[in-house]
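Chemist: have a look at this fold, sequence not included:
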């Protein structure tokens, strides 16, 4: 699949459906790209020394628009050929994927840097909140305003 150079943001979604890393990597395929870097944010079984049983993500209706803004900013880098990023909402079990990002560039250093920026900015700016349920029966909301 060739990604048009006029549209480097090829996939942005906020969804309750499972996320597919391979689909994100395929979406950023570009004949100019010598590097594709991808990232999966996976639900882990602990947080700050506490055992986590599960979690749930809730998002503001503007979450996908904010995610697109972040993707557009990363894609504005002339070294970036294509960007794909998605965040999951709803209940997630340990081991499920909450965030997927993929970036293609000509060279690996630029791809690593662009993917890291994409993930960091998404985590910092997205109006998505995480509710963690702990093994001791308590819960905690993270990133709530």
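Modeler: Received, thanks. Everything numeric here is computed off the predicted structure, so don't read it as measured data.

Chemist: in the helix ranked longest in the chain, what counts as buried?
Modeler: The longest helix of the chain (DSSP state H) is helix 108-125. For helix 108-125, burial by neighbour count (16 or more other CB atoms under 10 Å) applies to 110-111, 113-115, 117-119, 121-122. For glycine as for every other residue, the C-beta is placed from the backbone atoms N, C-alpha and C.

Chemist: also stretch 79-97?
Modeler: 80-89, 92, 96-97.

Chemist: can I get those residues in TSV with pLDDT, distance to residue 40 and secondary structure?
Modeler: Shown next, in TSV, are these (pLDDT from 0 to 100; distance: CB to CB, whole Å; DSSP: H, G, I helix; E, B strand; the rest coil):
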residue	pLDDT	distance to residue 40	secondary structure
80	97	19	strand
81	97	21	strand
82	97	18	strand
83	98	16	strand
84	98	12	strand
85	98	11	strand
86	98	10	strand
87	98	12	strand
88	98	11	strand
89	98	16	coil
92	97	12	strand
96	97	10	coil
97	98	5	strand
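
Chemist: identify the residues contacting the longest helix of the chain?
Modeler: Under the criterion CB atoms under 8 Å, 6 or more residues apart in numbering, residues 33-39, 41, 66-67, 69-71, 73-74, 77, 79-80, 83, 85, 87, 99, 101-105 lie in contact with helix 108-125.

Chemist: relative to strand 80-88, how tilted is that helix?
Modeler: Interaxial angle, helix 108-125 versus strand 80-88 (axes from the mean of the first three to the mean of the last three CA atoms, to 10 degrees): 40 degrees.

Chemist: do a quick rundown of the helices in this protein.
Modeler: Secondary structure of the chain (DSSP H): helices at 21-27, 63-75, 108-125.
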